[in-house]
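In: give me coordinates for this.
(2 chains)
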Amino acid sequence: MDLFFQQAINGLVVGSIYSLVALGITLIYGIMHLPNFAHGHLYMLGAYFTFFMMTLYGFSYWPAILVSVAALVLIGMLLERIVFRPLQNAPHINSMIAAVGVMLFIEATARVLWGSDYRRLDSPYGGVINLFGITITQQRLIVIIAAIVLMVGLNLFLKRTVVGSTIEAMAQSREGAFLVGINANRVSLLTFAIASGLAAAAASLAAPINLVYPSMGAMVNLKAFVIIVLGGMGSIPGAVLGGYILGMAESMSGTYVNSEYKDLVAFILLVLIMTVKPTGLFAKEVR
Amino acid sequence: MNTLAASKSTVPILLLILLLLISLLIPWLTSNTYFLHILILIFIWTIAVSGMNIIAGFTGQLSLAQAGFFGIGAYTYGLLMSKANLAYLPSLFIAILLTGIIGAAAGVVSLRTKGHYFSIFSLCVGVIILLVIEKWESLTEGVRGLLGIPIPKIGSFEFASVESQYYLILFFLVFAMFLNHRIVNSLVGRTFVSIRNSEELAEALGINVMRNKLLAFVHSTVLAGLAGALYAGYIRFLGPEVASVEHTFEMLLYLLVGGIGTLWGPLVGTALVTVLMQLLQSWQEYRMVIFGPLLVLLVMYLPYGIIGAFIRQRMKRQAGKAIQETDENMQKGTKNRKMSGGGLDA
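Out: The predicted structure is shown next:
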């Protein structure tokens, strides 16, 4: 039974990361109807920024994360402004392909600048905590708590502030939002900023647990897409819940079935659920 | 997306014969095997890209599983040849058949989703195929790869030389392009285009949308399987990376450069980008640094690709001429009417 709880905690850690990345993708999809294939690569950039802030410039962990989030917010806004906004009225396939272009560019640039080798980021929180007979490293506990704080914060921002509710409004109905005078460009810029910032935060939290390397975003990206398809694209609760479901499923199957096939779980889960419900679990409407 | 691309062949028949003659003569004109090697790769990828074009360009369902099906074709062929010691033609045939069957199964599930959902779903299908190839070590040798695939052999003739491989693969390319030409210009092809333009409208016209989408999808996977098998027969070594998502995105690049939804787009795009990549060989690591932004610029400024832009230009010219002619006719008509007193209008 101890093993079960241990794996449940691990699933929670992995799920937290997935949820944060999927949240960003789902926000952008909800506002711009753009599946941002480059999102996982923004995640990778976030991890590198934190890594260099700590190793090259001697920042401690939390300030390094702040710098990384700020940098990614800027990069996200830049992308929205020069790549995705001009394509807003083009056929959907075009902006999707542009996202692929951005993705290829970011990964190749990272490879050229920093090489392909794996880097290890040492966590300042290396200690182990004992909770009711289950051991958990401090870093993992931080991941779980920070993810919850970020999600609650995002939710409060969307529900309680005027700026946040413009995002909600536009996700619910574009035309309606225009009618009440919401500036679409500002909202999409803001959405990109938030989504990229979330990706950077997720990556910085996960970096001490995993390794940092140029293609680290690719698999996370694919899984985040599985999550938002499962959760119904554009659905925020769907993304959060989907992230935790997938994290749990991977962790459990890794222990009880076969860890070799851990990465396959996500995709098999997708096929199974889509066979039963082609619109995803939490879809608002049939498309 | 242009709607008329399917209706008229863009290349006059004479030019077509000339092109074919040149491609047949190339091995006689040059003994440069590197040059032939590049051409063979172009032919192979064109076959796979033309399959992607049928489902994405003509039917409007952007499938991102193409490299996966390429991998299935390649591995089925490679395993049958090297481990089951089957002859060349049966191996090729079974590889294509199996890719088609798996394609049909994947299509039945994935095509129920629409738009972005379908693209992402098919992307995941591609990843599943890649992961299965990579992890099923007892069958596929995993990341070590499949070595020692025998030389293709029909009867007692061995396709050992680059020239013979060139002709073999050229034959399949011509066959695939001819097949695509016939499909696109048939009622089935028009049905595909009608689904691309509006699924609801097609459905209202009594078209079985699901069946036709499935048909287009299976056709695209069959071509991917064929290309994969030819690749395995030519390179004679396979690693799981043939099925990687990156190859899918590369094919998408070829398709877009050439012109999505045009018959000649896949060939032109694949040839152009492949040659460009070869020229940039010494810049290998900067390749995607260049092609990434290129892809973005392309969808911004040349969304119809090279062939697509060419067709639009020509259509515009013809439309302009037609408008001019009608103008002249109308003027003539009014003049004639004036002369005859104009009694017909009433």
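
In: pull up the residues of chain B that are close to chain A.
Out: Contact residues of chain B with respect to chain A, defined by Cβ under 8 Å from any Cβ of the partner chain, are listed as B:1, B:62, B:109-110, B:112-117, B:119-121, B:123-125, B:127-128, B:131-132, B:135, B:245, B:249, B:252, B:256, B:285-289, B:291-296, B:298-300, B:303. All C-beta spots, glycine's among them, are computed from the backbone N, C-alpha and C.

In: so what's the residue count around the residue lying closest to residue A:71 once chain neighbours are set aside?
Out: Nearest in space to residue A:71, with sequence neighbours left out and distances taken as Cβ to Cβ, 6 or more residues apart in numbering or on different chains, is residue A:49 at 5.2 Å. Residue neighbour count, defined by other Cβ atoms under 10 Å in any protein chain shown, stands at 23 for residue A:49.

In: which residues touch residue A:49?
Out: For residue A:49, the set of contacting residues under the criterion of Cβ atoms under 8 Å, 6 or more residues apart in numbering or on different chains consists of A:64, A:67, A:68, A:71, A:72, A:200, A:204.

In: could you give the mean pLDDT of the strand or helix carrying it?
Out: Following DSSP states H and E, one finds residue A:49 within helix A:39-55. For helix A:39-55, mean pLDDT is 94.

In: any idea which element the residue most central in space within chain B lies in?
Out: With distances taken as Cα atoms, centre = their mean, chain B has residue B:50 as the residue nearest its mean C-alpha position (1.1 Å). In this structure, residue B:50 is located in helix B:33-52 according to DSSP H and E.

In: what packs against that helix?
Out: Applying 3 or more Cβ pairs under 8 Å, 6 or more residues apart in numbering or on different chains; DSSP states H and E, one finds that helix B:33-52 contacts helix B:13-29, helix B:66-82, helix B:162-184, helix B:209-235, helix B:245-258, helix B:265-279.

In: got any ranges where the stretch 51-200 of chain B has weak pLDDT?
Out: Judged against pLDDT under 70, the stretch 51-200 of chain B has no low-scoring part.

In: the contacts of residue A:49: which two are farthest apart?
Out: Distance extremes for those: the farthest pair is A:64 and A:72 at 12.6 Å, using Cβ to Cβ.

In: out of these two, which sits in the busier spot?
Out: Looking at residue A:64 and residue A:72 with other Cβ under 10 Å, you find the greater number of neighbours at residue A:72, namely 26 against 22.

In: surely that one meets residue A:195?
Out: No. Applying Cβ atoms under 8 Å, one finds residue A:72 not in contact with residue A:195, separated by 9.3 Å.

In: separation between residue A:130 and residue A:8?
Out: 16 Å (Cβ to Cβ, to the nearest Å).

In: quick one: work out the angle between the biggest helix by length in chain A and helix A:39-55.
Out: What stands out as the longest helix in chain A, according to DSSP state H, is helix A:2-32. Using axes from the mean of the first three to the mean of the last three Cα atoms, to 10 degrees, the inter-axis angle of helix A:2-32 relative to helix A:39-55 is 110 degrees.

In: state the mean pLDDT of helix A:2-32.
Out: Mean pLDDT, taken over the full extent of helix A:2-32, equals 90.

In: next: stretch A:63-71.
Out: Rounded mean pLDDT across stretch A:63-71 is 95.

In: buried stuff in it?
Out: Residues of stretch A:63-71 classed as buried under the neighbour-count rule (16 or more other Cβ atoms under 10 Å in any protein chain shown) are A:64, A:65, A:66, A:67, A:68, A:69, A:71.

In: the helix or strand hosting the first one vs helix A:39-55, what angle?
Out: When elements are defined using DSSP H and E, residue A:64 is found to belong to helix A:61-79. Computed by the same axes, to 10 degrees, the angle separating helix A:61-79 from helix A:39-55 equals 140 degrees.

In: for helix A:61-79, name the packing helices and strands.
Out: Using 3+ Cβ pairs under 8 Å, 6+ apart, the elements in contact with helix A:61-79 are helix A:39-55, helix A:184-206.

In: do you know which of those lies nearest residue B:85?
Out: The closest of the helices and strands packed on helix A:61-79 to residue B:85 is helix A:39-55. By Cβ to Cβ, the value is 42.6 Å.

In: starting at the chain centroid, how far to that closest one?
Out: 13 Å (Cα atoms, centre = their mean, to the nearest Å).

In: output that helix as PDB, nothing but the C-alphas.
Out: Extracted C-alpha coordinates of helix A:39-55, given in PDB (Å, rounded to 0.1, in the frame of the first residue of the first chain):
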ATOM      1  CA  HIS A  39       4.400  25.700 -26.500                       C
ATOM      2  CA  GLY A  40       6.500  22.800 -25.300                       C
ATOM      3  CA  HIS A  41       9.500  24.600 -26.700                       C
ATOM      4  CA  LEU A  42       8.700  27.700 -24.700                       C
ATOM      5  CA  TYR A  43       8.700  25.400 -21.700                       C
ATOM      6  CA  MET A  44      12.200  24.200 -22.700                       C
ATOM      7  CA  LEU A  45      13.400  27.800 -23.000                       C
ATOM      8  CA  GLY A  46      12.100  28.500 -19.500                       C
ATOM      9  CA  ALA A  47      14.100  25.600 -18.100                       C
ATOM     10  CA  TYR A  48      17.300  26.900 -19.800                       C
ATOM     11  CA  PHE A  49      16.800  30.400 -18.500                       C
ATOM     12  CA  THR A  50      16.400  29.300 -15.000                       C
ATOM     13  CA  PHE A  51      19.400  27.000 -15.400                       C
ATOM     14  CA  PHE A  52      21.700  29.700 -16.700                       C
ATOM     15  CA  MET A  53      20.500  32.200 -14.200                       C
ATOM     16  CA  MET A  54      21.500  29.900 -11.400                       C
ATOM     17  CA  THR A  55      24.800  28.500 -12.800                       C
END
